[in-house]
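J.: need a structure here:
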Amino acid sequence: MGLVTEFREFALKGSVVEFTVGVIVGGAFGKVTGSLVSDVLMPPLGLLLGNVDFSKLAFVLREAQGTAPAVTLRYGLFLNHLIDFFLIAVAVFLVVRWLNRLRRGGAEEAALEPRSCRFCKSEIHPKATRCPHCTAQLKKTQ
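T.: Predicted structure coming up:
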């Protein structure tokens, strides 16, 4: 088997293609969540904290000397990135949680088996509290 043929088989495997799509979608999702944090969540947070611009916070370790720039420890940028990371993690968690609920919601509903009314014996929805046929009050099920 030639190198080109072997590479083509590798590149066209489903897992490689799925991985590539995942990376591309992940990159786009990263831009969206980054924008959500920096453009939507950080401005109100900065406003609540009294217009503090964390990126300007720094310790000067050595002043500028001649043409050599000052040596600074920019802990404010680190705080910005730490807050960004936390907010992005929370946003991703909430989106994944929401998607899991959407996915599970249909599965849980489909997994419930219909039950019978104890009075008229007709089939009713498992979560029904009143029989739609004879209008009898039913016990709630989980």
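J.: where along the chain do the strands fall?
T.: Under the criterion DSSP state E, the chain contains strands at 59-62, 71-73, 115-116, 123-124.
J.: quick one: strands adjacent to the third one?
T.: Next to strand 115-116 in the sheet, as set by DSSP bridges, lie strand 123-124 (antiparallel).
J.: Outline the domain layout of the protein.
T.: Following automatic domain parsing, one gets these domains for the chain: 3-111, 114-142.
J.: sorry, back to before: would you format the strands of the chain as TSV with distance to residue 44 and mean neighbour count included?
T.: Yep, even glycine has a C-beta here, placed from its N, CA and C like the rest. TSV is the format used below for the strands of the chain (distance: least, Cβ to Cβ, whole Å; neighbours: other Cβ atoms under 10 Å):
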stretch	distance to residue 44	mean neighbour count
strand 59-62	28	10
strand 71-73	28	13
strand 115-116	49	12
strand 123-124	48	16
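J.: rank the domains of the chain by pLDDT, which is bottom?
T.: Across these, domain 3-111 has the smallest mean pLDDT, namely a mean of 79.
J.: Off-centre distance for that domain?
T.: In terms of Cα atoms, centre = their mean, to the nearest Å, the centre of domain 3-111 is set 11 Å apart from its chain centre.
J.: circling back to that earlier point, closest one to residue 80 among the strands of the chain?
T.: Closest of the strands of the chain to residue 80 is strand 71-73, at 14.3 Å (criterion: Cβ to Cβ).
J.: Check which helices and strands the closest one sits against.
T.: Contacts defined by 3 or more Cβ pairs under 8 Å, 6 or more residues apart in numbering; DSSP states H and E place strand 71-73 against strand 59-62.
J.: Now the strand it packs on - C-alpha only, CSV.
T.: Provided in CSV are the C-alpha atoms of strand 59-62 (Å, rounded to 0.1, in the frame of the first residue of the first chain):
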residue,chain,number,x,y,z
PHE,A,59,3.9,46.4,40.1
VAL,A,60,6.9,48.2,38.7
LEU,A,61,9.9,46.0,39.4
ARG,A,62,12.4,48.3,37.7
